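1. Predicted model, plus sequence, below.
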Amino acid sequence: MDLQKSPAGPPQPEGCLVVAIRLPVRIVVLVVVVPVRMVWDALVVAGRFLTDTLLRPVGRAVLWLGRVVFVLPLVGLWRYVLVPAGGALVWLGRVLLVVPAVFLHRHVLTPVGHAVLWLARGAGAGLAWLYARVLTPAGHAVLWLVRYLAVVPARWVYAWILAPVGRAFAWGVRGVLRLLGWLVTGLGVAVYWTVRVLLVLPALALWRWVLAPVGRFLGVLAREVGDALGHAWRIAGHLSLAVGRFLAALFRWVFVEPVRWVYRTVLTPVGHVVREVVLRPAAEAARAVGRATRQALASARETVRQTRADVRRMLFGEPRDPARVGPREREAVLRGEPGPLGTRTLDSSTTPVTRLTKD
């Protein structure tokens, strides 16, 4: 694997200064960066483990809790409270505002507007007659007076007095400005050469002979430090990957493989033996006990049922044929009530003693 990144552009010639700086800088940077990269990779692995095992389940639980606590109540509030309330408010607004407003516009404002429009048309016709018959002749007369009393004299004063005076004043101002321009130009040239000789040329010499070489040296140093950081970071990544794989293999052979071997060779056979010798017979015995218990309970329920039927026959006699019983007696029998007793005779007695004697 090539650990040195090829430059994007064409190769540039390198001097002895660059070669002398590169090797010690890369050694120092490699020694500094390798621990940082290994710590960084360890933090990344720990962060991924925490994200997968803790943060993501907690985030899902928080999202579900937020949905249950906030979203569903808000949706129910919107759907079952605000929407019906909004519909009721819209209906009330329509009934209380829109319908009265339409009625007012149709039966009050529209007739009043037509009346105002008719009055405005009459007033407009009167104003038009006043403008055509009164204001227009008066305006023409005022314009004729203004023209011959103000405009013509003002034009004569401007042409024969103000224009010559203004031209003379403008010529004097142009001469003064030209003189000031010559003075400013001379002062500017003097200031330019003074600044050039005293400031620009020394600054140019300082830049060309001092700052530019120092800047190039610092640029070369910064470039080499950046390249060294890149190489050291990639080398540290490979070292960190190798160390991580070694630790993973060590953990596997020290902990995982022994646990797997113990589970496969010890626990699994022991579990099979326990299942075959203990658990399965215990389960069969429990099922047999359950079947015996269910059969005993069924027999007890059947015995109780028969005993209850014998006691009922001893106390109330055999149930009569429903075909010979009337409607009221049939309903009483269906409800579980004792039927009406007939006339007691020695042959038709229903008491237990008589029945036993008769039998």
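-> Cool, the structure landed.
2. in the lengthiest helix in the chain, what counts as buried?
-> Of all segments of type helix in the chain, defined using DSSP state H, the longest is helix 212-251. Taking 16 or more other Cβ atoms under 10 Å as the basis for neighbour counts, the residues of helix 212-251 that come out buried are 220, 224-225, 227-229, 231-237, 240. Placement of C-beta: from N, CA and C, glycine included.
3. And the furthest pair within those?
-> Between any two of these, the greatest separation by Cβ to Cβ is 29.8 Å, found for 220 and 240.
4. so residue 90 is in which element?
-> Mapping residue 90 onto the secondary structure by DSSP states H and E places it in helix 83-93.
5. Now residue 30: closest residue in space, sequence neighbours ignored.
-> With Cβ to Cβ, 6 or more residues apart in numbering as the measure, residue 232 is the residue that lies nearest to residue 30, at 4.3 Å, once sequence neighbours are left out.
6. gap between that neighbour and residue 123?
-> 96 Å (Cβ to Cβ, to the nearest Å).
7. coming back round to it: so what does the helix holding residue 90 touch, helix or strand wise?
-> When contacts are defined as 3 or more Cβ pairs under 8 Å, 6 or more residues apart in numbering; DSSP states H and E, helix 83-93 packs onto no helix or strand at all.
8. I'd like the next helix or strand past that helix.
-> Going down the chain from helix 83-93, the next helix or strand is helix 99-104, by DSSP H and E.
9. hang on, the earlier thing: what's the residue nearest to residue 30 in contact with, if anything?
-> 26, 29-30, 32-34, 37 (Cβ atoms under 8 Å, 6 or more residues apart in numbering).
10. Can I get the buried part of these as one PyMOL selection?
-> To isolate in PyMOL the members of these that are buried, counting by 16+ other Cβ under 10 Å, one can use:
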select buried, resi 26+29+30+33+34+37
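11. mind listing what's buried in whichever helix or strand residue 258 is part of?
-> In this assignment (DSSP H and E), residue 258 forms part of helix 257-262. Within helix 257-262, not a single residue qualifies as buried, counting by 16+ other Cβ under 10 Å.
12. before we move on, back to that, could you give the mean pLDDT of the longest helix of the chain?
-> Model confidence over helix 212-251, given as mean pLDDT, is 84.
13. From the chain's centroid, how far away is it?
-> Relative to its chain's centre, helix 212-251 lies at 39 Å (Cα atoms, centre = their mean, to the nearest Å).
14. Check stretch 114-128 too.
-> Worked out by Cα atoms, centre = their mean, stretch 114-128 lies 63 Å from the chain centre.
15. Make residue 1 into 20 and carry on from there
-> Yep, numbering from 20; the last one is stretch 133-147 now.
16. okay if I get the contacts of residue 251 as TSV plus secondary structure and distance to residue 169?
-> Shown next, in TSV, are the contacts of residue 251 (DSSP: H, G, I helix; E, B strand; the rest coil; distance: Cβ to Cβ, whole Å):
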residue	secondary structure	distance to residue 169
45	helix	96
48	helix	93
49	helix	98
51	helix	95
52	helix	94
53	helix	99
56	helix	95
